[in-house]
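1. Pasted the sequence and its predicted model underneath.
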Amino acid sequence: MVRVDGKGNGDSLIQVRDLDKKYQRGSEEIDVLQGLNLDVDKGDFVAFMGPSGSGKTTLLNLLGGLDLPSAGSITVAGDEITHMSASKLTAWRARHVGFIFQMYNLIPVLTAFGNVELPLLLTRLSKADRRRHVEAVLGVVALSDRLDHYPRQLSGGQEQRVAIARAIVADPTFLLCDEPTGDLDRKSAEEIMDLIDRLVHEHGKTVLMVTHDPRAAERAHAVLHLDKGVLVEGAGGGA
Amino acid sequence: MKFFRLVLAQLLRKKVRTTLTIGSFTVALFLYGLLVTIRGAFSGGADVAGVDRLTVINKTSLIMPLPFSYRDRILRVLGVSGVTYATWFGGVYQDEKNFFPQFGVDKDTWFDVYAEYVLPKDQREAFLRDRQACLVGKSLAKRFGFKVGDRLPLRGTIWPGAWEFNVAGIYEGNRPEVDTTGLLFRFDYLEERRQFGKGTVGWYVVRLANPDDAVKVTRTIDEGFANSPFETLTQTEKAFATAFAKQMGNIEFLVMTIGSVVFFTLLLVTGNTMAIAVRERTGELAVLKTVGFSGPGVLALILAEAVLIAGQGGLIGLGLAKLFTLGGDPTRGLLGTFYLSWGSLGLGFMLALGVGAVAGILPAVAAMRLRVADALRRV
């Protein structure tokens, strides 16, 4: 159940309360997010839509602990992340968040295997266990035969699947997707959305996705519109 | 170790740039190796000087002699366990360009005081038997092809005339830094033949029973000969050798200046390379932080890259320098020693790593402080 009125019962996986984010541009102060409230339950799939500059990516960055709000709080699985130190936030991010970007953001000098293995390097898993995990998730994204391929040897859709594998390999609490189909052709975009669908429905992942693509948004349980820094509940998604 | 592959992959990203940076370190450390070797050649005496030896020279000048009678008086000073003496000969072998040092030394005590010279027993006995005997250092023998039994003529410059010696032995050093480019002959032969200066020696070398007594013994000797026609200046052998080396100019200063310029340039080159390397992969560093790499972790990765480049270049450069010096003195024996010690190699390697770390620190700190949200916005 997704709510934007701030009246959730407190059991939600993600609770955002009175979130403000201001940017300073020269002498001008820009309000990007204003008094934003959000409750997302475990297993929810939420799409955020809105015009460019409406604050979608800023919201995603705040939810992922990549940026700090000007006011308000974000609580994920009982952890209030808005007052964590940088080092705690980094550790929290590694444990709870999987990021999927529009431009894939793979490390070009590492193979698909090396890219997916990155988050696991920070764990205490043995080399053999890391290999097992990486091979398993590359199997989930149907790239078992591309382990040793470098990003330049993969298509855009394959690169995004590697990025998704990297995002899920450490089994995070939730996934943040910033326009995951934005740089893909229609067919690849459908494949990626099928994959995200499977992560939600078969693997029980919680997904928060920013998108401009109405077809991608249709897959979500809830579509929320950001307008002038405020979240507005839109038409229901596919669920 | 699990991060090593990540560091290595980054180094291989721009192979030409990495190779050129490693090349800079190679050239710089090769140069360092040669400079240190040359410095050692000029101040080698100072580096190998015995800590338990003092040198007593005429206070006026090294070229002024001291009376032979001083020997027994020095020997009586408390704390002195042995005394020997030498005199500079300054002869010419065939041509003046064939310079090498020659000393008239006391046949009975020289090798007791200078334990670093190694000479086979039969050759030492031959030296003691023959008044015209001489001993040549291994490097000198190699330079001119001298062999035991050779007749070696010198033209005297201080004491004119034709002087002839019989090569009774070839001495070596008990370690590579020991100078073996000289010729030692018997002082009594010099004393017998020379026309002037009889009853004097060039300088004394004093062996101490306890090196801790150096200051006390130095003062006692100099005070004992104060206000005499031949006042003495006693100093540690290291100080004496350093002063002697400085007669040829401040080689140490020259070497340090060149070395500092080289390393400073290297610092700028590597620092610039690392800064470019970090700047062009801002997005990737942001991704690393996004997936959970901490700021200090990213700093360590960048530093590891810089230090790895420096270490590789340093190893190659120092290895080449060592190989070069193993080939022998390029001046064919003019330099006292031509040896690059393992200690200098180790110091050079540490210097290389240090320069690498310093060069990498600013870009690494910038990477550590990178704000993920800002960096991702730029991708």
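-> Okay, I see it.
2. contacts and neighbour counts: CA atoms only from here.
-> OK.
3. Any regions of chain B where pLDDT drops low?
-> Within chain B, the ranges that satisfy pLDDT under 70 run B:43-50, B:244-249, B:331-336, B:378-379.
4. give me every residue that touches the closest residue to chain A within it.
-> Proximity of chain B to chain A (Cα to the nearest Cα) peaks at residue B:292, 4.3 Å away. Counting by Cα atoms under 8 Å, 6 or more residues apart in numbering or on different chains, residue B:292 makes contact with A:90-94, A:119, A:122.
5. redo that, cut-off 10 Å
-> Listed by Cα atoms under 10 Å, 6 or more residues apart in numbering or on different chains, the contact set of residue B:292 reads A:87, A:89-98, A:118-122, B:286.
6. Buried residues, stretch B:306-313. List them.
-> Residues B:306-313 are the ones in stretch B:306-313 that count as buried (16 or more other Cα atoms under 10 Å in any protein chain shown).
7. actually stretch B:235-243, not the one I typed
-> Applying a neighbour-count criterion of 16+ other Cα under 10 Å, one finds B:235-242 buried in stretch B:235-243.
8. Over to stretch B:266-273?
-> B:266-267, B:269-273.
9. Now do residue A:221: how many residues are near it, please.
-> Using other Cα atoms under 10 Å in any protein chain shown, residue A:221 has 20 neighbouring residues.
10. how about stretch A:11-25, does it get close to chain B?
-> No - Stretch A:11-25 is not in contact with chain B by Cα under 10 Å from any Cα of the partner chain; minimum separation 11.9 Å.
11. Can I get that stretch in CSV? Just the C-alpha atoms.
-> Included here for stretch A:11-25 are C-alpha records, laid out as CSV according to Å, rounded to 0.1, in the frame of the first residue of the first chain:
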residue,chain,number,x,y,z
ASP,A,11,4.6,-0.4,9.6
SER,A,12,5.7,0.7,6.2
LEU,A,13,9.1,-0.4,4.9
ILE,A,14,9.8,3.2,3.8
GLN,A,15,8.4,6.2,5.6
VAL,A,16,9.1,9.7,4.4
ARG,A,17,7.8,12.6,6.6
ASP,A,18,7.7,16.3,5.8
LEU,A,19,10.7,16.1,3.5
ASP,A,20,12.1,19.3,2.2
LYS,A,21,15.0,19.8,-0.1
LYS,A,22,16.3,23.2,-1.1
TYR,A,23,19.2,24.0,-3.4
GLN,A,24,21.2,27.2,-3.4
ARG,A,25,21.9,28.5,-6.9
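12. what residues are up against the residue most central in space within chain A?
-> The centroid of chain A falls nearest to residue A:176 when counting by Cα atoms, centre = their mean (0.6 Å). By Cα under 10 Å, 6+ apart, the residues touching residue A:176 are A:46, A:57, A:60-61, A:63-64, A:97-101, A:167, A:206-210.
13. now, which of those residues lie within strands?
-> A:46, A:97-100, A:206-210 (DSSP state E).
14. Buried only: go through the residues you listed for me.
-> Restricting these to buried positions leaves A:46, A:97-100, A:206-210, with burial counted as 16+ other Cα under 10 Å.
15. Neighbours of the residue in chain A that chain B sits nearest to, how many?
-> Scanning chain A for the residue nearest chain B gives residue A:94, at 4.3 Å (criterion: Cα to the nearest Cα). When neighbours are defined as other Cα under 10 Å, residue A:94 has 24 of them.
16. Give me the phi and psi for it.
-> phi -60, psi -30 (degrees, to the nearest 10).
17. in the longest helix anywhere in chain A, what counts as buried?
-> Assignment by DSSP state H gives helix A:186-201 as the longest helix of chain A. By 16+ other Cα under 10 Å, the buried positions in helix A:186-201 come out as A:188-193, A:195-197, A:199-200.
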